[in-house]
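> sequence first, predicted coordinates after that:
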Amino acid sequence: MSDWSHCFHFGVSLANQAAEIILTSFQKQKAVKLKSSPADLVTETDQRVETFLISAIRTQFPNHRFIGEESVAAGEALELTDTPTWIIDPIDGTVNFVHRFPFVAVSIAFAVNKQTEFGVVYSCVENKLFCAQRGRGAFLNGEPLHVSGQEDISRCVIVTEIGPERDDLALSTMTSNIYRLLRLPVHGVRALGTAAVDMCQVAVGGADAYFHVGLHCWDIAASAIIVQEAGGVVIDTNGLHFDMMSRRVIAASSASVAQRIADVIQVFPCRRDDEDPYSSVCGDAGACENKHV
């Protein structure tokens with residue numbers, strides 16, 4: 001097994017530098033543009049941070065590849081290959097950033113042979129640096145992380161998001177999922193406005209599970225390995241193996257909680273991240289499945 005520690009330490013350094021850029025602009029007025037919906041926003045700072053990260057990595061590792069949220073939004077192809085690849089979300093929680101809601105993160109993952117080797121999530125305003133290397137545990141500001149280990153769904157706090165989708169099917173599916181979980185019952189459902197920080201709440205034991213449909217690989221690649229290295233379970237919403245390109249995820253404190261959520265929630269159609277954008281809406285039959293309807 002190759003040791004990618006030199007890349008990991010470089011990624012941590014970059015996350016710290018990116019956080020400084022974000023915090024400098026946090027209290028200022030922002031020029032905001034819409035992407036896919038009125039809830040899918042981008043600012044100059046998103047673009048500036050991504051440009052900084054990719055430029056710095058390319059200088060240090062010229063043969064590496066990149067998947068960046070804003071680069072993909074600008075039209076670059078999204079392709080995960082066996083080549084070392086940095087998966088970047090420059091600001092996870094842009095709506096929070098625009099409104100000065102204090103959950104905003106830099107998310108950096110690194111994959112080789114399509115397997116994530118490390119993840120770094122820096123919750124900037126909180127000054128919390130979550131990180132993990134495959135097989136070496138997960139940490140928050142240098143202290144080891146452990147999931148709660150909760151196995152009883154009725155004692156869980158679950159985190160999710162509504163997400164930027166605003167069509168009737170997506171909204172009705174997501175809100176009905178919250179209803180279904182509250183009726184199990186669970187202790188509560190929470191949302192912080194950033195998938196990366198949401199999932200890290202599972203890693204730190206503050207929440208017992210997270211689920212979502214319709215996010216992207218840059219939202220969850222880093223936090224997924226952090227949850228796994230903290231002892232948690234990360235699966236697809238169909239209950240099978242997690243695939244960061246599927247746009248579906250459940251992260252939980254235990255396999256029993258993860259499976260219980262998979263049994264209850266619905267999904268709505270969404271194209272895989274690595275699908276041809278000119279193909280049909282759902283090339284993956286699992287993505288089109290809508291359970292319990």
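Looks like it came in fine. Every value quoted in this text rests on a predicted model; they were computed, and no experiment measured them.
> make it CA atoms for all contacts and neighbour counts henceforth
Will do.
> per-domain residue ranges of this protein.
5-144, 153-288 (automatic domain parsing).
> ok, and the closest non-adjacent residue to the residue nearest in space to the middle of the chain?
Against the mean C-alpha coordinate of the chain, by C-alpha atoms, centre = their mean, the closest residue is residue 220 at 2.2 Å. Leaving aside its sequence neighbours, residue 220 sits nearest to residue 196 (C-alpha to C-alpha, 6 or more residues apart in numbering; 5.7 Å).
> got the contact list for that neighbour?
92, 105, 107, 121, 219-220, 222-223 (C-alpha atoms under 8 Å, 6 or more residues apart in numbering).
> now the nearest residue to residue 4 once chain neighbours are set aside: which helix or strand?
What sits nearest to residue 4 in space, not counting adjacent residues and going by C-alpha to C-alpha, 6+ apart, is residue 117, at 7.4 Å. Here residue 117 sits within strand 115-123, counting by DSSP states H and E.
> now swap in residue 107 and tell me
Counting by DSSP H and E, residue 107 is part of strand 105-112.
> next: residue 228.
Following DSSP H and E, one finds residue 228 within helix 217-229.
> quick one: average confidence on the very next helix or strand once past that helix?
Counting by DSSP H and E, the next helix or strand C-terminal to helix 217-229 is strand 233-235. Mean per-residue pLDDT for strand 233-235: 98.
> give me the contact list for strand 233-235.
224, 227-228, 241-243, 249-255, 258.
> among those, which ones are buried?
Among these, those scoring as buried are 224, 227-228, 242-243, 249-255, 258 (criterion: 16 or more other C-alpha atoms under 10 Å).
> so can I have JSON lines of those showing secondary structure and distance to residue 192?
Below are the buried ones among the contacts of strand 233-235 laid out as JSON lines (DSSP: H, G, I helix; E, B strand; the rest coil; distance: C-alpha to C-alpha, whole Å):
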{"residue": "224", "secondary structure": "helix", "distance to residue 192": "17"}
{"residue": "227", "secondary structure": "helix", "distance to residue 192": "17"}
{"residue": "228", "secondary structure": "helix", "distance to residue 192": "21"}
{"residue": "242", "secondary structure": "coil", "distance to residue 192": "23"}
{"residue": "243", "secondary structure": "coil", "distance to residue 192": "23"}
{"residue": "249", "secondary structure": "strand", "distance to residue 192": "17"}
{"residue": "250", "secondary structure": "strand", "distance to residue 192": "16"}
{"residue": "251", "secondary structure": "strand", "distance to residue 192": "15"}
{"residue": "252", "secondary structure": "strand", "distance to residue 192": "17"}
{"residue": "253", "secondary structure": "coil", "distance to residue 192": "18"}
{"residue": "254", "secondary structure": "coil", "distance to residue 192": "22"}
{"residue": "255", "secondary structure": "helix", "distance to residue 192": "24"}
{"residue": "258", "secondary structure": "helix", "distance to residue 192": "20"}
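> just these now: which is nearest residue 177?
residue 250 (12.9 Å; C-alpha to C-alpha).
> would you map the strands across this structure?
With DSSP state E applied, the chain shows strands at 32-34, 41-43, 65-68, 85-92, 105-112, 115-123, 128-133, 138-140, 143-144, 157-159, 188-190, 209-213, 233-235, 248-252, listed in chain order.
> end-to-end on stretch 135-154?
End-to-end distance for stretch 135-154, by C-alpha to C-alpha, to the nearest Å: 31 Å.
> and of the contacts of residue 196, the nearest to residue 2?
Proximity of these to residue 2 (C-alpha to C-alpha) peaks at residue 222, which lies at 18.8 Å.
> re earlier: residues in contact with the residue nearest to residue 4?
4, 109-111, 133-134, 225.
> swap in 6 Å and give it another go.
110-111, 133-134 (C-alpha atoms under 6 Å, 6 or more residues apart in numbering).
> pLDDT below threshold where in this structure?
1, 276-293 (pLDDT under 70).
> ok, now with 90
1-3, 35-39, 73-75, 77, 163-166, 275-293 (pLDDT under 90).
> and the residue nearest to residue 220, how far is that from residue 74?
Distance of residue 196 to residue 74, given as C-alpha to C-alpha: 22 Å.
> residue 163 too?
Residue 163 is 20 Å from residue 74, by C-alpha to C-alpha.
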